[in-house]
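S.K.: Sharing a sequence plus its predicted fold:
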Amino acid sequence: MSSFSGEYPIGFEQALDVLENSSEGFVIADGSRAHTILYVNPAWERITGWTKDEVIGKLSPRILKSGKQDAEFYDHMWGTILQGDIFTSEIVNKRKDGNLYDAEISIFPIRGTDNRVFYAEISRDITIKKKLEEDAKNRASLLKLEVELRTNELKNRILEDEAILMSLGEGLVVTDQNGLITLVNKAFEDLVGWTSEEAVGKNIFDVIPVEDEEGNGISTNDLPVFRVISGQGAPSIRSRYYYVRKDKTKFPTAVVTTLIRGGDIVKGVATIFRDITNELALEKAKDEFVSITSHQLRTPLSAIKWTLELFSKETDLSPKNQERVRDLYRSCEQLIDLVNTLLNIARIESGKLVAVKKKVNIVNLIHESLTLYKPAADKNGQNVLFTAPPHVEDVMCDPILFTQAFNNLLSNAIKYSPPHLTIKVILEKQEAQYRIMVHNEGSTIPETDYSKVFSKFYRSPDARYQETAGSGLGLFIAKSSVEKNGGIIGFESNVSKGTTFFFTIPSHE
């Protein structure tokens, strides 16, 4: 701070500890045409390679200029900043050693108590992120292309002769009604290690043992080939198993099993499979990337939120700037909510969402949520009516998951119900479970969308038309939360009666 010639930006001293420990680069320059650097934090030094002793009071942030942005970019940047707005963009900068790096920057003007103008910049090195995004995009495109090509091959080659079938990229094995192998292709030989001469005539269950992920053998009666042959399953069954090779190693597979018919006569079963080791690794990498990125975002966002809280308490801000700070604060809260949502999705998809059950009073939990959402309902002139039996026993459940599910249904009802109507919350006992219902008379769900309601990123046509805020992830998370507590979730929607979402919770373990 000694680098300042006496005047500091408002709120700087209070935020110094946050800035010094932030993982985001932070630099402050004076408002003169020279834009002399007055302060940099340790993160900025790490990102740029310049030390504070080399730049403070001596150099301008222009030292990072890479030449990759044109004059129009900088015209837009300064036009935004000079209007008093925050300029946010991705940019290519140059380190001290001359190497280029991708950065995400936010530049904004701030004032000292004597109305002196400063310019502050928050920056983050996103070089690795950009590379990961590009690599993931390329891999996804290649994978999509490969899947499309192979799907078309399967549709066409199943109708061709044995020579064409032998050229399939996936493993192909054909059996008769007794499970004896009659045909395999080259890919089968490469994947499992058995030659055509060794495999043909043998029982498929002896040639390719099947295990689960833990190495436990799968019962013959549960395998797609047997179920199709015995008539227990549908003509086409898709499953994922681990096939054991001739050398006893194993690999994960995606399997398609279908009947081979000659008119009305069943002649055998065709099984097509492929090694999905690389796909599972890519899926795991994607999940880990989302989880890690979300965790890394949460810390700086919390710091920014805290800093904005400090700014909001400054009495010297003009009403316009106070409103801007409030807008930034609300946007920061929305980003934090989105990050938390992404973390929940990552936990669900990785199987790490675990219910920590204990005895709780669900009536109290519901009352807490009703209190939390009362201001939102009052703002719309809505009345939330809660009814419950006179005596509700405590239940074993995870209160966080219960509240997460209920809050989602209640907030949706408030958002999508017209103003000045009553939203009904009903708790009732049903044999060995409690049923919680949230009813609103607002928008309904088209019957064609029923199967999509609890999927990720689903938003009803009415929600899109009304332009209500939402990520489309809430009901997906609610479903997972309810199921982890041992219940089920569903809904009823009718144009004349409105929409009722419900979920159940066991009344005892």
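M.R.: That came through fine.
S.K.: Torsion angles phi and psi at the spatially closest residue to residue 88 that is not a sequence neighbour?
M.R.: Of all residues not flanking residue 88 in the chain, residue 106 sits nearest, at 4.6 Å (Cβ to Cβ, 6 or more residues apart in numbering). No exception for glycine: its C-beta is placed from N, CA and C like everyone else's. Main-chain torsions, residue 106, degrees, to the nearest 10: phi -130, psi 120.
S.K.: With residue 383 instead?
M.R.: phi -110, psi 130.
S.K.: Ok, residue 490 next?
M.R.: The phi/psi pair for residue 490 (degrees, to the nearest 10) reads phi -160, psi -170.
S.K.: so what's the residue nearest to residue 88 bridging to?
M.R.: For residue 106, the beta-bridge partners under DSSP bridges are residue 88, residue 122.
S.K.: Would you check how far apart the nearest residue to residue 170 once chain neighbours are set aside and residue 451 are?
M.R.: Counting by Cβ to Cβ, 6+ apart, residue 170 lies nearest to residue 274, which is 4.4 Å off, once chain neighbours are set aside. Per Cβ to Cβ, to the nearest Å, residue 274 is found 27 Å from residue 451.
S.K.: Neighbour count: those two, which is higher?
M.R.: Each of residue 274 and residue 451 has its neighbours counted (other Cβ atoms under 10 Å); residue 274 has more, 19 against 9.
S.K.: residue contacts, that one?
M.R.: By Cβ atoms under 8 Å, 6 or more residues apart in numbering, the contact list for residue 274 reads 150, 169, 170, 171, 187, 191, 253, 254.
S.K.: burial measure for the fourth one, as a count.
M.R.: So the one you mean is residue 171. Residue neighbour count, defined by other Cβ under 10 Å, stands at 23 for residue 171.
S.K.: Please name the bridge partners of it.
M.R.: residue 273.
S.K.: Give me the local confidence score for it.
M.R.: Note on residue 171: pLDDT of 85.
S.K.: gap between it and residue 204?
M.R.: Applying Cβ to Cβ to residue 171 and residue 204 gives a distance of 12 Å.
S.K.: close enough to count as contact, residue 498 and residue 444?
M.R.: Yes. Counting by Cβ atoms under 8 Å, residue 498 does reach residue 444; the two are 6.9 Å apart.
S.K.: could you dump stretch 394-409 to PDB, C-alpha only?
M.R.: Output in PDB follows, covering the C-alpha atoms of stretch 394-409 (Å, rounded to 0.1, in the frame of the first residue of the first chain):
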ATOM      1  CA  ASP A 394     -40.600 -38.000  13.500                       C
ATOM      2  CA  VAL A 395     -39.100 -39.800  10.500                       C
ATOM      3  CA  MET A 396     -35.700 -41.100   9.600                       C
ATOM      4  CA  CYS A 397     -34.400 -39.000   6.700                       C
ATOM      5  CA  ASP A 398     -31.600 -36.600   5.600                       C
ATOM      6  CA  PRO A 399     -33.100 -33.200   6.500                       C
ATOM      7  CA  ILE A 400     -30.900 -31.400   4.000                       C
ATOM      8  CA  LEU A 401     -32.100 -33.600   1.100                       C
ATOM      9  CA  PHE A 402     -35.700 -33.300   2.300                       C
ATOM     10  CA  THR A 403     -35.500 -29.500   2.400                       C
ATOM     11  CA  GLN A 404     -33.700 -29.400  -1.000                       C
ATOM     12  CA  ALA A 405     -36.500 -31.300  -2.600                       C
ATOM     13  CA  PHE A 406     -39.300 -29.400  -0.900                       C
ATOM     14  CA  ASN A 407     -37.800 -26.000  -1.500                       C
ATOM     15  CA  ASN A 408     -37.500 -26.700  -5.200                       C
ATOM     16  CA  LEU A 409     -41.200 -27.700  -5.500                       C
END
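S.K.: Can you find the helix or strand in this protein with the smallest mean pLDDT?
M.R.: Every helix and strand of the chain was ranked by mean pLDDT, DSSP states H and E. The lowest is helix 461-466, at a mean of 52.
S.K.: helices or strands up against whichever helix or strand comes after that helix?
M.R.: Sequence order places helix 474-484 as the next helix or strand after helix 461-466, per DSSP states H and E. Helices and strands touching helix 474-484, as assessed by 3 or more Cβ pairs under 8 Å, 6 or more residues apart in numbering; DSSP states H and E, comprise helix 319-349, helix 399-416, strand 489-494, strand 498-506.
S.K.: which stretch among these comes nearest residue 283?
M.R.: Taking Cβ to Cβ, helix 319-349 is the member of the helices and strands packed on helix 474-484 nearest to residue 283, at 8.8 Å.
S.K.: can you give me the mean pLDDT across the helix or strand following the closest one?
M.R.: Under the assignment DSSP H and E, the closest C-terminal helix or strand after helix 319-349 is strand 358-360. Average pLDDT, strand 358-360: 91.
S.K.: Return the set of buried residues in strand 358-360.
M.R.: The neighbour-count check on strand 358-360 (16 or more other Cβ atoms under 10 Å) flags residue 360 as buried.
S.K.: and the helix or strand where residue 428 lies with strand 498-506, angle?
M.R.: Using DSSP H and E, residue 428 sits within strand 422-430. Interaxial angle of strand 422-430 relative to strand 498-506 (axes from the mean of the first three to the mean of the last three Cα atoms, to 10 degrees): 30 degrees.
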